[in-house]
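Chemist: Next comes the sequence, and after it the predicted model I'd like to discuss.
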Number of protein chains: 4
Amino acid sequence: MTHIVGHFINGKIINDTAHTQDVYNPSTGEVSKQVALAGKATVEEAVAAAQAAFPEWRKTPVMKRARIMFRYKELLEQNRDKICELIGSEHGKIVHDAAGELQRGIENVEFACGAPEMLKGEYSKNVGPDIDSWSDFQPLGVVAGITPFNFPAMVPLWMFPLAIVCGNTFVLKPSERDPSVCLFLAQLMQEAGLPDGVLNVVNGGKEAVDTLLTDNRVQAVSFVGSTPIAKYIYATATANGKRCQALGGAKNHAIVLPDADLDNVVNSLLGAAFGSSGERCMALSVAVAVGDEIAERMVAGIKEGMKTMKVGPFSDKSNHFGPLITAAHKAKVEGYIASAEEQGATIVVDGRNPSVPGYENGFYLGGTLIDHVTPDMVSYQEEIFGPVLQVVRVKTMQEAMDLINNHIYGNGTCIYTRDGEAARYFADNILVGMVGVNIPLPVPVAYHSFGGWKQSMFGDLGTYGPDGTRFYTRRKTVTQRWPTSEVREGAVFSMPTLG
Amino acid sequence: MTHIVGHFINGKIINDTAHTQDVYNPSTGEVSKQVALAGKATVEEAVAAAQAAFPEWRKTPVMKRARIMFRYKELLEQNRDKICELIGSEHGKIVHDAAGELQRGIENVEFACGAPEMLKGEYSKNVGPDIDSWSDFQPLGVVAGITPFNFPAMVPLWMFPLAIVCGNTFVLKPSERDPSVCLFLAQLMQEAGLPDGVLNVVNGGKEAVDTLLTDNRVQAVSFVGSTPIAKYIYATATANGKRCQALGGAKNHAIVLPDADLDNVVNSLLGAAFGSSGERCMALSVAVAVGDEIAERMVAGIKEGMKTMKVGPFSDKSNHFGPLITAAHKAKVEGYIASAEEQGATIVVDGRNPSVPGYENGFYLGGTLIDHVTPDMVSYQEEIFGPVLQVVRVKTMQEAMDLINNHIYGNGTCIYTRDGEAARYFADNILVGMVGVNIPLPVPVAYHSFGGWKQSMFGDLGTYGPDGTRFYTRRKTVTQRWPTSEVREGAVFSMPTLG
Amino acid sequence: MTHIVGHFINGKIINDTAHTQDVYNPSTGEVSKQVALAGKATVEEAVAAAQAAFPEWRKTPVMKRARIMFRYKELLEQNRDKICELIGSEHGKIVHDAAGELQRGIENVEFACGAPEMLKGEYSKNVGPDIDSWSDFQPLGVVAGITPFNFPAMVPLWMFPLAIVCGNTFVLKPSERDPSVCLFLAQLMQEAGLPDGVLNVVNGGKEAVDTLLTDNRVQAVSFVGSTPIAKYIYATATANGKRCQALGGAKNHAIVLPDADLDNVVNSLLGAAFGSSGERCMALSVAVAVGDEIAERMVAGIKEGMKTMKVGPFSDKSNHFGPLITAAHKAKVEGYIASAEEQGATIVVDGRNPSVPGYENGFYLGGTLIDHVTPDMVSYQEEIFGPVLQVVRVKTMQEAMDLINNHIYGNGTCIYTRDGEAARYFADNILVGMVGVNIPLPVPVAYHSFGGWKQSMFGDLGTYGPDGTRFYTRRKTVTQRWPTSEVREGAVFSMPTLG
Amino acid sequence: MTHIVGHFINGKIINDTAHTQDVYNPSTGEVSKQVALAGKATVEEAVAAAQAAFPEWRKTPVMKRARIMFRYKELLEQNRDKICELIGSEHGKIVHDAAGELQRGIENVEFACGAPEMLKGEYSKNVGPDIDSWSDFQPLGVVAGITPFNFPAMVPLWMFPLAIVCGNTFVLKPSERDPSVCLFLAQLMQEAGLPDGVLNVVNGGKEAVDTLLTDNRVQAVSFVGSTPIAKYIYATATANGKRCQALGGAKNHAIVLPDADLDNVVNSLLGAAFGSSGERCMALSVAVAVGDEIAERMVAGIKEGMKTMKVGPFSDKSNHFGPLITAAHKAKVEGYIASAEEQGATIVVDGRNPSVPGYENGFYLGGTLIDHVTPDMVSYQEEIFGPVLQVVRVKTMQEAMDLINNHIYGNGTCIYTRDGEAARYFADNILVGMVGVNIPLPVPVAYHSFGGWKQSMFGDLGTYGPDGTRFYTRRKTVTQRWPTSEVREGAVFSMPTLG
């Protein structure tokens, strides 16, 4: 019998078999499991469990809440291998890549351990005569997270540890493509000492999502996914009166200036463009070379570097990256390559139809390098989300910046240069939320926050870090004056010397 | 010829007479002016002016931007009388009340003067080996404010000084009921040295609002008004991809415990309930007495206190409060009083049909006190926004808190007690954003932030203060590593003694 | 052969037997070990090891430094029993008390885990045209800690985890009365992954201290002990150009108002006065009753409560507290009791010469309650540091506050009342650094900071928490402008719409 | 009769003629006034006035205190000419330089206007079950400032506005060389609305200083001056139990790398080395050229630039800088030039005996450029504090950094380069508190803080900005729990839906 990936509600695994969907092992192309698709009633049950757990949890001193996160970090580290196996078998990413994903997730748990400091309110003595005022940052209640397939462990770990340590209770709806790891992450929270009901996981599709977006008990929604869905989530959650942060797609450009350290450019672009098959919202998918001279050398270098790159199943650590998530997605990416070719670009390295012996049905696509891409091409305008690096050639740095600033996305970007002024001008004026200087994947560390600009994020506050803390709390301001006290009987303060 | 209140776009007054609407003097009931109603093209002109002014303004060092606010504070203080006259003649509030409103507004300008400190980003050395990362808080671009009639100076001053000092440019759409003061406030900004186009004012109605909500160049919308409109603004602005904060209505309760200082209760409730005719979103409109004994004494005290209260035209400083904003609104408030009476409440003091000799056509309603109100009454469930104080009697503090927590609004609230534990329990557990302890109008000072809970505010971040600063900026995170430098030629650091 | 407690330098235990001193087991009164007393050369060796370890350690990314603290927390928890045994056998405190001390220490390690957030610097874009400025908080270099006998684990844990996570290297000089636990704490840091030389422990007396105070390589000194020594440390370290924080003695008063919850008063004073034999700088040693009525009831209640209190050896968990640290200290405390008696106070409960069968040579003194103490008595003016609670009776709260404000110490204090106004007035106007409201031992949690006022602390910044972080770092401010770049070739920024 | 510069105590000018000292006009070399030298009794009177004013002032709401600073800023701007005249006539600096000094001082007043935000304490809900804790930053009481001749307006404005807005009262002891401007600054504070006694000015010498350092009522001392005196102040104030920050001398180096923008180097060094006759603790007095090629070009460029530089009386705006402060100081600076010559350096431009027609007795020294200076020369090792720029030639950047890191001072420094890596390495590893990248005088803006390292500052916290705020306040931590309330009668919280 096929294994069913169920839900985790109020501390118990619920194997709901009414509606299910296939879960694939992308490395083999075979269906490996079934995932339960929660209906409205099941989601409401999870919300009810979270609602019921809230009053006690919010009153639990933050130091105690944080201590569960300390314990959780230990458990995540102890279960590293199992987590990476779960990620690889459903997502396809190689173990070193899964381990990196998990490590980034753990860093967010580490940040959550600092909640006592982060949650300090603002205290003002004597805002008026004998009147004090303070602002406290209180949890919201039940909050929901809806997460994508491409980082099945990391993105959930961006959300629920922080939301929970702030005193909220949580309902997580992971991607139905690779749902197993989230269930396991939730069970480890329980093992770390989290009371039942504080964290719940429901698997499902649109019905589950819509239930979360419209249920009055859900106070806030965090989403990471594609831009069209992000727009829908943002519009729907807010129309229902909720606060919402919805992170969408990207088209991340690197500008390569003539004075760049070319070895660094080549080496770091290989990882940034093809790592995790390019299925990252921070993948570096466009290299903009300023001047033909650097363009030629860069393309030659990358082409050379790609010779050593190996695509294959997640279980073989010698592979650089694994399959795409589905056959359909693979076809879509191949379509972008074909369209670039048709629209006049040069396919320098063609990754289509790679040979992966023994895994002929896996959803593989090799690394692909395309030169002479222009802004009018479909492959330039849309997010590809595959192992495809495109090169655009321009004459000036300004032309390169205009390209980026005119693109609809504004997630990440990077410049390669040694020049202080060029880097500073770029970082200041580029309309992108996360900027690298000689760093192709400028994902902010856990104690900063993640968030794109333009169509890459909807909402005021980024995810994780200080922004995440603020998103998961709301300000309550108390202003207080006491009537004169008979108990005190007219104490009059006489100030002696302190020395 | 009737005076036309026009727009202020790119540093110039625009007298657009295509569509206009009457502006009343509520103290006399007469039409005193016409206000221009901007069509789509005019609003777009204002947005274009703001957009054009943005690149220079964002680059202006924050200390220079702040210095314009220092100068603006001086000008507001120098023009106090004129501003109060403009407020009174269109809104109807008495000069002492208008002066209080202006003072609160000036405090927000004072806060804006501290922008250099507030805008500091977060800097992290060595997030990895020789890698630094920092987050900068950059302005958004063009932002819009839509403000209500009841605080025609203060609410705009909550918004535009802070938005502008953060480096944004601004389009303000004030209430069409009392538009003149905003035009003058904008002209004073120009006098303070603000470059043309940074602050623009457009008068208008729904068409103007909708243009702001849908124009792609507008990055963010701040709104204060009623809850139905707030919901519309929030849903529409966010559906258009913008960030939005929308503040709505209120029903602010005071709990009066048996150990309260009754003199303080009576004196402070008189001002909090009837000041500005109750047309404040922080007006204290429900007093919840715990126990009949304190209820009797409180009602008697308030009734006695109301005998000295005087309603009349804004121009007479001896009046305690002035007329309502329109004849229609007056009729609506009278309707609530009638409904309470019909539903079984006791009208202790009836303010209907007050005598205001010489101002018979003014929109006057005297202070009204209603006892034995119950939660099922319409007058309890809805926001009245008039000089009406209702008394609900309960048996326990818990019953009182349940009332508040079950109401759809959560703007302000207050408890009267001497008891530390009761106050602490109340402040912690009440589902209201702004809480007073023996303070009936707990409007946060300018260096905290204003924001209700539940249906009283939509969005993550309150208005003004630290929240406002965060709302008007977005995080950009830069991560930087430099390639090894030939210039440096292998410097190796040898650490000597510091002593 | 007697066991020697040596030093821990550069990752190795150094058994230096040149000069030694007896270490007692206070529960039996017997010498159990010898502690090495470091001479100048040994201390300098430790400083040199710390100095040598500094350059690498300061460059280690803070997240990596913090991860050692995460691991250290786990190790401290795993070694709880052994640590408590080490504390008890040399200090004499009962295991539950030792466990409490350790827990407080662990909380400081937890705080240190949040260093990445705490160490963020301040970043300002455009302080002038195209000029940026940021302040970074860099470690100092070698810092020293000198710690007292009464919290042999907790006080060192206040200091070295935070100093080290900030990037400093450390030389710790623990009390020579109970030195073993510190050596073990240092070895656990090594096990947690700390590089050799980053934390060093030297045992010793005045010569060791003076070497640390005068060595130019030591940048800062943290001290906790008695006020005369604190003054000496502060004056000597600063005269040698170092930064210094020196925490001294205390005389902590509780004011008991007539409306206090007497059960709470009695129960909490028993623990606060007699716990750890009163050998705590936060021990509550003076109860000031306002009015004879509450005084009588309080004294009767405490007297009754003391009947169940048991003094005895550290190894018996049923004891409430253990012996004093030395025979000499026991004699000193007895002297204070005798002097109070002579000066006219009433010995309500006399703890002298308690019976502790089987431990006749232990340094025991039972709980002692003294009433009718007056401010002119020696036992009132000086710190007793023993299980002695004195009661002073006054007529008004003001009289009680004047007592406290006129005392030379200002470490901790407390008020017992239900009245909001009395508590607020007290907290605002009392010249004491750590204030309790119905809390007798108001030791700040690890994420606030510890520090008394007046003669209880010398220096600007308290120990641990945010103050400790600031003490262990120094600000470096960088101001940067880049010359125009040829690389950039005149990029001119044109701002498109963000939407 | 000669004009007497007296004291300002408790709101009144005190013309104390018992002991006086000559005040010169350095531009003419003539005695222009007498300054009163306060004895112990006069200083104690000032301290007593400050002590008496403290209780009311500390209770004044911070927003009201800040408003006096807003008004003070206006008055300083209105009195700009008079202040510059006072500075010039006693110090000798040209009006444009005095105006710059004043502007920097005003920026500190602007920062002080933001005190309501800066003084916010830290608030933690539920540090334990129903226990809250907050830290408040309270003023210290009476604090003293002792300021140097070289910035007679700016350095006092670094101190007293911030100390006072924090709630302290202040006694200022300005330099006896140019005392008049401080008296006037104090009178303007009174005009701005400051209550009498909050700010007091005493003129005097060592007796006045020692009285401040030893008086038990003085809680803290801020000092700026030379290193030997700073050491004395720090040791003495701390030995008397006070907190102290003492800023001393400097030797600020610029490293000029081969890729520097030479025009910027030359232009900015001219101002940084010779401005204000080099009598600035941030003066750039050593240029370290990396490589002979850049050294030659730089020396030639500076020599050329110096041809247009003009020294002369403060009253002539066309002068670039004015006289030195005294004849004795002029002789001392000339001695350093002579010693450099004797020790083998090359005097490229010799500014000794300049011609200033009509001002033959003024204390003039022209700009002097010395090449081939080596670290063993006295003129290199000591602070010159005159218009002398010395050039050291090295072969590598590391050699240049070693020079700086081995010097006893660590106030300011700068690097000239276009290279991101070189700048980053320099800023990170240089043992100097204030670092410029292509900026020769990296004085932090008012919202950062000023402080050198090594022998340039003693104390933990820099002056002005956030550090100054922290220096002038002390943390008080309150921990609060309320006993169960009868008033509340068992309220039990039931959480409804927020939506």
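Modeler: Now that the structure is in, tell me what you want to look at. Numbering: from 1, shown residues only, chains lettered A, B, ... in the order given.
Chemist: When you work out contacts or count neighbours from here on, use the C-alpha atoms and nothing else.
Modeler: Noted.
Chemist: and the closest residue to residue A:312 other than its chain neighbours, how many neighbours?
Modeler: Spatially, and ignoring its direct neighbours in sequence, residue A:312 is nearest to residue A:322 (5.0 Å; C-alpha to C-alpha, 6 or more residues apart in numbering or on different chains). When neighbours are defined as other C-alpha atoms under 10 Å in any protein chain shown, residue A:322 has 31 of them.
Chemist: what about residue A:322, distance to chain C?
Modeler: Relative to chain C, residue A:322 is positioned 30 Å away (C-alpha to the nearest C-alpha, to the nearest Å).
Chemist: Correct me if wrong: that residue contacts residue A:309.
Modeler: No - Residue A:322 is beyond contact range of residue A:309, at 11.1 Å (criterion: C-alpha atoms under 8 Å).
Chemist: Quick check: residues of the stretch 201-350 of chain A near chain C?
Modeler: Listed as neighbours of chain C in the stretch 201-350 of chain A under the rule C-alpha under 8 Å from any C-alpha of the partner chain: A:257, A:258, A:259.
Chemist: Tell me which residues touch the second one, please.
Modeler: Right, residue A:258. Contacts here follow C-alpha atoms under 8 Å, 6 or more residues apart in numbering or on different chains; on that basis residue A:258 touches A:290, A:291, A:293, A:294, A:417, C:487.
Chemist: which two in those residues are spaced the farthest apart?
Modeler: Using C-alpha to C-alpha, the two most remote members of the contacts of residue A:258 are A:293 and A:417, lying 15.0 Å apart.
Chemist: more crowded one of these two?
Modeler: Neighbour totals were compared for residue A:293 and residue A:417, and residue A:417 leads with 26 against 10 (other C-alpha under 10 Å).
Chemist: How about the residue nearest to the spatial centre of chain A: what's its closest non-neighbour residue?
Modeler: Taking C-alpha atoms, centre = their mean, the centroid of chain A lies closest to residue A:155, which sits 4.1 Å from it. With sequence-adjacent residues excluded and distances taken as C-alpha to C-alpha, 6+ apart, residue A:155 is closest to residue A:147, at 6.4 Å.
Chemist: Distance of residue A:349 relative to residue A:367?
Modeler: 7 Å (C-alpha to C-alpha, to the nearest Å).
Chemist: Mind checking which of these two has more residues around it?
Modeler: residue A:367 (27 against 19).
Chemist: Tell me the confidence at that one?
Modeler: You'll see residue A:367 listed with a pLDDT of 98.
Chemist: and the gap between it and residue A:264?
Modeler: In terms of C-alpha to C-alpha, residue A:367 sits 19 Å off from residue A:264.
Chemist: What residue spans form the domains of chain A?
Modeler: A:4-248+A:456-480, A:252-437 (the TED database).
Chemist: Pick the most buried one from the ones you listed.
Modeler: domain A:4-248+A:456-480 (a mean of 23; mean count of other C-alpha atoms under 10 Å in any protein chain shown).
Chemist: how long is it from one end to the other?
Modeler: Termini of domain A:4-248+A:456-480 sit 55 Å apart (C-alpha to C-alpha).
Chemist: Kindly report the same for stretch A:466-482.
Modeler: Stretch A:466-482: ends 34 Å apart by C-alpha to C-alpha.
Chemist: And stretch A:427-445, by the same measure?
Modeler: Stretch A:427-445: ends 17 Å apart by C-alpha to C-alpha.
Chemist: if we can go back for a sec, could you measure the residue nearest to residue A:155 against chain B, distance?
Modeler: Taking C-alpha to the nearest C-alpha, one finds residue A:147 at 20 Å from chain B.
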